[in-house]
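S.K.: predicted structure and sequence below. I'll ask about it afterward.
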Amino acid sequence: MGKGGQDTGTNGESDKVVFAAWAKDVRECEEALKVSRERGLSSEEVEKRRQIYGWNELEKHEGQSIFSLILDQFNDTLVRILLVAAVVSFVLAWYDGDEGGEMEITAFVEPLVIFLILIVNAFVGVWQESNAEKALEALKEIQSEHACVIRDGQKISSLPAKELVPGDIVELRVGDKVPADMRVLSLISSTLRVEQGSLTGESEAVSKTVKPVVEDTDIQGKKCMVFAGTTIVNGNSISMVTQIGMSTEIGKVHSQIHEASQSEEDTPLKKKLNEFGEVLTLLIGLICALVWLINVKYFLSWEYVNGWPANFKFSFEKCTYYFEIAVALAVAAIPEGLPAVITTCLALGTRKMAQKNALVRKLPSVETLGCTTVICSDKTGTLTTNQMAVAKFVAMGSNINSARSFDVQGTSYDPFDGKIQDWTRGQMDINIQTIAKIAALCNDSSIEQTGNHYVASCCRTWTGSVSRIATLEFDRDRKSMGVIVNSKSGRRSLLVKGAVENLLERSSYVQLLDGSVVELDQNAKKVILQSLHEMSSKALRVLGFAYKEDPPEFATYTGDEDHPAHELLLNPTNYSFIESKLVFAGLAGLRDPPRKEVRQAIEDCRAAGIQVMVITGDNKGTAEAICREIGVFGPNEDIRSKSLTGREFMDHRDQKAHLRQSGGLLFSRAEPRHKQEIVRLLKEDGEVVAMTGDGVNDAPALKLADIGIAMGISGTEVAKEASDMVLADDNFSTIVAAVGEGRSIYNNMKAFIRYMISSNIGEVASIFLTAALGIPEGLIPVQLLWVNLVTDGPPATALGFNPPDKYIMKKPPRRSDDSLISAWILFRYLVIGLYVGIATVGVFIIWYTQSSFLGIDLSKDGHSLVTYSQLANWGQCSSWGNFSASPFTAGSQVYNFDANPCEYFHTGKVKAMTLSLSVLVAIEMFNSLNALSEDESLLTMPPWVNPWLLLAMSVSFGLHFLILYVPFLAQIFGIVPLSLNEWLLVVAVAFPVILIDEVLKLVGRFRSGIGSSDDRKTAKAKAD
């Protein structure tokens, strides 16, 4: 593992070597690192330095062990409650098992099912987290493997890059991946260009020089440095290694990614569920204690002797029975199916988003998207197409004092995308033909179609009519590129493109509209420079075009190395002389154009109350022009306080106040640390931040943001692995669509969470009332577990398919700390829960005490009726004189109590238990219809708006019928088949839950109607 400049006990020596090489001239750099470029380092010196700096490789951070990851999965309140409930249930089942009997199987089903849930949950969690650090592995993939190094005066053409040390002299060639951070010592070619956009965010390759720059400069300004992981796209050079391993710029990114991964926070939903779990733990504890206190008289009694309690009598059997009731209460209170339903809903959400080109890598990100308040977007490739295209060109007029300007539409390389405005087809005059010819031939690329996209490729368009015989490479001094071409007629031409001012200095003539060539005077220069100024003020990158016919030095040159003209081409200092006395033809302004749909997406963000911040490595003028065009800023808005460079922001006296400004913000020339700081400050301020990026430099900020969004087409693997979501089309508008989908999913999740929690409140109320009234247990834990996991699961999942609110992107984002359940909703479901408890306990009492109910005959099975007083004091049955119970039928079974009439309240309660369970299932099915909308009536939002819910209800009822009418399953769950009359009773008791909630919804609509006007004003103000 590389030390990469870590403190190894020789820090003083380390400090002497690692210094600001970009601010020193070449000689000073060689002296500081004690090396000469001719001989390089000696083998002995290499070994000494390796002892200090280690290997040139990125550190491998040890991830969590599998055991610790498994333990982490139990660091959740709900899971802990389930674990305790499972252990207690298992102990009780073991205790009951010693006595044998039919119910032994039933007792073991419950703890085994809970343990199975916990195991699956832990497995999924470990699988997700073990993939979390792939970004660091992907970062290593972009490191170079070999380097051409000079050591001991000998050239080693393929030294493993990990063996480099500071001071090594390295030769870099076209196509090489730079193996370490290096100071350029000399250029072998006339120019050296490096593609470093993935590290710095720049939209085009950068020219490098040997000249030092000021010490206090940003990474983009270090023109004499090349950085590890970047690629040489043009030229050769001799460079000296200054930093290796973790001390390189890419090493710093590696550290930042690791640091950001350590500080990952729970999603807003996870936080709310944890809070809910903590409250639930407290409530369960209180209710269990209350149940025991209410029933303590049944298992503990005493007499008073001389005013003091004495002669205590304790019934272990009764104590265990009421302890089982407490366990049943815990099982009832915990929504065991909630984690599975949430995972299912999020998984379905990822499928919907994938159809919109948003590929979600981490499930919780789906929910987090819904409360995004700030989108920090990169410019190049996200807001723009990342395809440099001509936006305007200027050709000469009919006389020397006039010029013609043409606006060009289109946002991509597609030749059929856009058009030239005010252009008449077929009217290509000679001057425009000349510009087109120079642009096409003085060029190393053209357009080629690949699938549905157009990409840059090698130029083939003009090769049929002319052939290139020489290239005058671009260099930073003359700022131009030239080619010498030979036509079929044998005529030579020099074609040149480059910076307009430099071409004008070397031009003596100008070509007019009709092709005539006249002398270039000051008036003509003034016209051309005015056009240049107009285009530059719109942040266009301007290229001039010029030519020279029959250059005398190359009249007979064909590319032969023995020709005298070839000597001229070998020395780049001759290029300015060759490119002299040119004929100026015209100029063109290029830009990376904004995507067509981005402006509307920005407006949608504004309407949805989401702030858009543009953070780019590009220069300030270009970024500002794009931001005005896409609507981040108004066309005439004063943006002096809203547009800063990364360095200006870091020096700002009140950074948070700057970020709190309303409207759009722009940060240009931003480095990775600037992006991280912006994200960190926004999160500290309570914002939920979505951050886009495509380069290596974006990975730390992507990891730190609440939602990291990488580009699928142009993005590096490092960025994709650090992200939560990948855009398949690299399009900003896809983010906005994904936010809308996230909001819709969250609303649906709220619906099924409310549904499941309200169901659990009902179950708790049922058990509590049973214990409070002292009647036999009506619902056993395994039945409650079945309802929570299986019966409630399909309707809860189906609620995730509720149709989205059409105004969902017209509302401000919800706060990340907004409660899942408001005070009013909690009150509503307490009322519903109380009814569920009354209904399930009531139907149990009705079967024991009534022969008919609401005209429904319940006596056909032949069971005996008892008084309510007898039912409430069933534990004293053995002391009743002359008590008897008639046998009754349930399905094909006959229950007989001749041997022990008191068994009527134990095994004989099977029919009453079945009625209670069936009422609970039916009420929860009807309650799922209530959950279709928080406030809308079923009359205005009927069940068929979500056909999946109707299907889910059918599945749940089908499952309930399955356990009722399959004997083996009926035995496990302790239930029996019901007759038609008994089903009528179930429906009659369950249906009122819809009527009760309709009344509560009406009250809710009345309450919200009073404050709706104020709410709308508040939402509008926030969006503005």
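M.R.: That came in fine, so what should we check first?

S.K.: please identify the helix or strand for D417.
M.R.: Remark: D417 resides in no helix or strand, with elements defined by DSSP states H and E.

S.K.: setting aside sequence neighbours, what's the nearest residue to it?
M.R.: Spatial nearest neighbour of D417, chain neighbours left out: G410 (4.3 Å); criterion: CB to CB, 6 or more residues apart in numbering. C-beta coordinates here come from the backbone N, C-alpha and C atoms, glycine included.

S.K.: what does I188 show for phi and psi?
M.R.: When read as degrees, to the nearest 10, the backbone of I188 gives phi -80, psi -40.

S.K.: helix, strand or coil for F584?
M.R.: strand (DSSP: H, G, I helix; E, B strand; the rest coil).

S.K.: cool, the one 3 residues further on as well?
M.R.: Using three-state DSSP as the criterion, the local structure at L587 reads strand.

S.K.: just the one 3 residues further on next, same as before
M.R.: Under three-state DSSP, the three-state class of L590 is strand.

S.K.: how about the strands in the stretch 751-900 of the chain?
M.R.: Secondary structure of the stretch 751-900 of the chain (DSSP state E, counting those that start in this stretch): strands at 852-853, 856-857, 888-890, 893-895.

S.K.: can you tell me which of the ones you listed is most buried?
M.R.: Counting by mean count of other CB atoms under 10 Å, strand 888-890 has the highest mean neighbour count of the strands of the stretch 751-900 of the chain, with a mean of 18.

S.K.: let's check: the centremost residue of this structure is which one?
M.R.: D724 (3.0 Å; CA atoms, centre = their mean).

S.K.: I'd like to know how far the residue nearest to it when sequence neighbours are not counted sits from I709.
M.R.: Once flanking residues are discounted, D724 sits nearest to S365: 3.9 Å by CB to CB, 6+ apart. Separation of S365 from I709 (CB to CB, to the nearest Å) stands at 9 Å.

S.K.: show me the contacts for N401.
M.R.: Listed by CB atoms under 8 Å, 6 or more residues apart in numbering, the contact set of N401 reads 523-524, 527.

S.K.: tell me the most packed of those, by neighbour count.
M.R.: In terms of neighbours by other CB atoms under 10 Å, these top out with A524 at 23 neighbours.

S.K.: double-check that that residue belongs to a strand.
M.R.: No - using three-state DSSP, the assignment for A524 is helix, not a strand.

S.K.: identify the residues contacting it.
M.R.: A524 makes contacts with 400-401, 510, as judged by CB under 8 Å, 6+ apart.

S.K.: let me know the pLDDT of it.
M.R.: Looking at A524, its pLDDT is 90.

S.K.: one step back: let's verify the residue nearest to D724: helix, strand, or coil?
M.R.: Here S365 is recorded as helix under three-state DSSP.

S.K.: what about it, how many residues close to it?
M.R.: When neighbours are counted by other CB under 10 Å, S365 comes out with 25.

S.K.: any idea of the mean pLDDT for the strand or helix carrying I963?
M.R.: I963 belongs to helix 947-965 when assigned by DSSP H and E. For helix 947-965, mean pLDDT rounds to 90.

S.K.: correct me, but N357 touches T734?
M.R.: Yes - with contact defined as CB atoms under 8 Å, N357 counts as touching T734 (4.9 Å).

S.K.: neighbour count for the two, which is higher?
M.R.: Remark: of N357 and T734, T734 carries more neighbours, 23 against 17, as counted by other CB under 10 Å.

S.K.: which residues touch that one?
M.R.: For T734, the contact set (CB under 8 Å, 6+ apart) comprises 356-358, 727-728.

S.K.: buried set for stretch 873-883?
M.R.: Using 16 or more other CB atoms under 10 Å as the test for burial, stretch 873-883 gives 873-875, 877.

S.K.: likewise stretch 942-958?
M.R.: Here stretch 942-958 shows 946, 949, 952-953, 955-957 as buried, counting by 16+ other CB under 10 Å.

S.K.: do the same with stretch 682-699
M.R.: Neighbour-count burial for stretch 682-699 [16+ other CB under 10 Å]: 682-683, 687-699.

S.K.: for that stretch, C-alpha coordinates in CSV please.
M.R.: These are the backbone C-alpha positions of stretch 682-699, laid out as CSV (Å, rounded to 0.1, in the frame of the first residue of the first chain):
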residue,chain,number,x,y,z
LEU,A,682,-26.2,23.5,2.0
LYS,A,683,-26.7,20.3,4.0
GLU,A,684,-25.8,22.1,7.2
ASP,A,685,-28.5,24.7,6.3
GLY,A,686,-31.1,21.9,6.1
GLU,A,687,-31.3,21.7,2.3
VAL,A,688,-31.7,18.3,0.6
VAL,A,689,-29.1,18.5,-2.2
ALA,A,690,-29.0,16.7,-5.5
MET,A,691,-25.5,17.1,-7.2
THR,A,692,-24.7,16.2,-10.8
GLY,A,693,-21.3,15.3,-12.2
ASP,A,694,-19.4,13.3,-14.7
GLY,A,695,-15.7,13.6,-13.9
VAL,A,696,-13.3,12.2,-11.4
ASN,A,697,-13.3,15.6,-9.8
ASP,A,698,-17.1,15.4,-9.1
ALA,A,699,-16.9,12.1,-7.2
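
S.K.: related to what we said a few turns ago, of the contacts of T734, grab the buried ones for PyMOL.
M.R.: Buried residues among the contacts of T734 (16+ other CB under 10 Å), as a PyMOL selection:
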select buried, resi 356+357+358+727
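
S.K.: so which of the contacts of T734 belong to strands?
M.R.: 358, 727 (DSSP state E).

S.K.: so how far is stretch 587-598 off the chain centroid?
M.R.: 28 Å (CA atoms, centre = their mean, to the nearest Å).
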